[in-house]
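# coords below, sequence missing:
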């Protein structure tokens, strides 16, 4: 059996029945929401193409998004908006999104695999460093999260075309930083992220 089912199979061998894989997309950007994906596959399901979303092209992610949804026993996508990211910080927002996904998914899991995110006592789980590349369930969750977030950022690109969101997806690229300085912040910018803070402070100085 494939190495990327190692953690799932270990859990099954200890009597677990329903295993949920969890991952997020959008920790690093200074604009846009954070998105959490959650996937429960049937026991033994395997597809060699499902991997860490960062290792896949956009075209492959889009194709796998549909395949994952078709083959999952259940899946859930949680969108954590900018206000919550600012309120809780991006790490806690990721954890909150994962706990919401566990609560809202249509099948109740008895074990969770996460990409390096401890979940406390909410559910028995394993937080795996680089889990999106090591566990197929987590990798699938990363694809659902990444594709969903990219689609959202493309919609925002239509609202705020000056910023290039369709290209950089809100990450702090040179283009994005230059647009931020030229046009100011938008409602989807994270006001606790340093480049955004710098622009707000600069604007405050000009207004005085």
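Here it is on my side, so go on. From a predicted model like this one, the values you see are computed outputs, not experimental measurements.
# Which residues does the helix or strand bottoming out on mean pLDDT in the chain contact?
Least confident helix or strand of the chain, by mean pLDDT, DSSP states H and E, is helix 194-207 with a mean of 81. Contact with helix 194-207 is made by 30-31, 172, 177, 180-181, 184-185, 189-191, as judged by CB atoms under 8 Å, 6 or more residues apart in numbering. (Glycine included, C-beta is placed from N, CA and C.)
# With residue 96 as the reference, measure out to residue 82.
The gap separating residue 82 from residue 96 is 14 Å, by CB to CB, to the nearest Å.
# Enumerate the positions of the helix or strand where residue 64 lies that are buried.
Under the criterion of DSSP states H and E, residue 64 resides in helix 58-71. Buried positions in helix 58-71, judged by neighbour count with 16 or more other CB atoms under 10 Å: 61, 64-65, 68.
# And for stretch 126-140?
Quick answer for stretch 126-140 (16+ other CB under 10 Å): 126, 128, 131-140.
# And the contacts of the helix holding residue 64?
Contacts of helix 58-71 (CB under 8 Å, 6+ apart): 39, 41-42, 45, 47, 49-50, 53, 56, 75, 140, 143-144, 146-147, 150.
# Among the residues you listed, which ones are in strands?
Members of these lying in strands (criterion: DSSP state E): 39, 75.
# Longest helix in the protein, by number of residues?
helix 136-159 (DSSP state H).
# for the following helix or strand past that helix, which positions count as buried?
Going down the chain from helix 136-159, the next helix or strand is helix 165-168, by DSSP H and E. Of all the residues in helix 165-168, those buried under the rule 16+ other CB under 10 Å are 165, 168.
# average model confidence for helix 165-168?
Per-region confidence: helix 165-168 scores 97 on mean pLDDT.
# related to what we said a few turns ago, type out the ChimeraX command that picks the buried ones from the contacts of helix 58-71.
In ChimeraX, this line selects whichever of the contacts of helix 58-71 come out buried by 16+ other CB under 10 Å:
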select :39,41,45,47,50,53,56,75,140,143,144,146,147,150
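# pretty sure residue 98 contacts residue 20?
No. In this structure residue 98 lies outside contact range of residue 20 using CB atoms under 8 Å: 9.1 Å.
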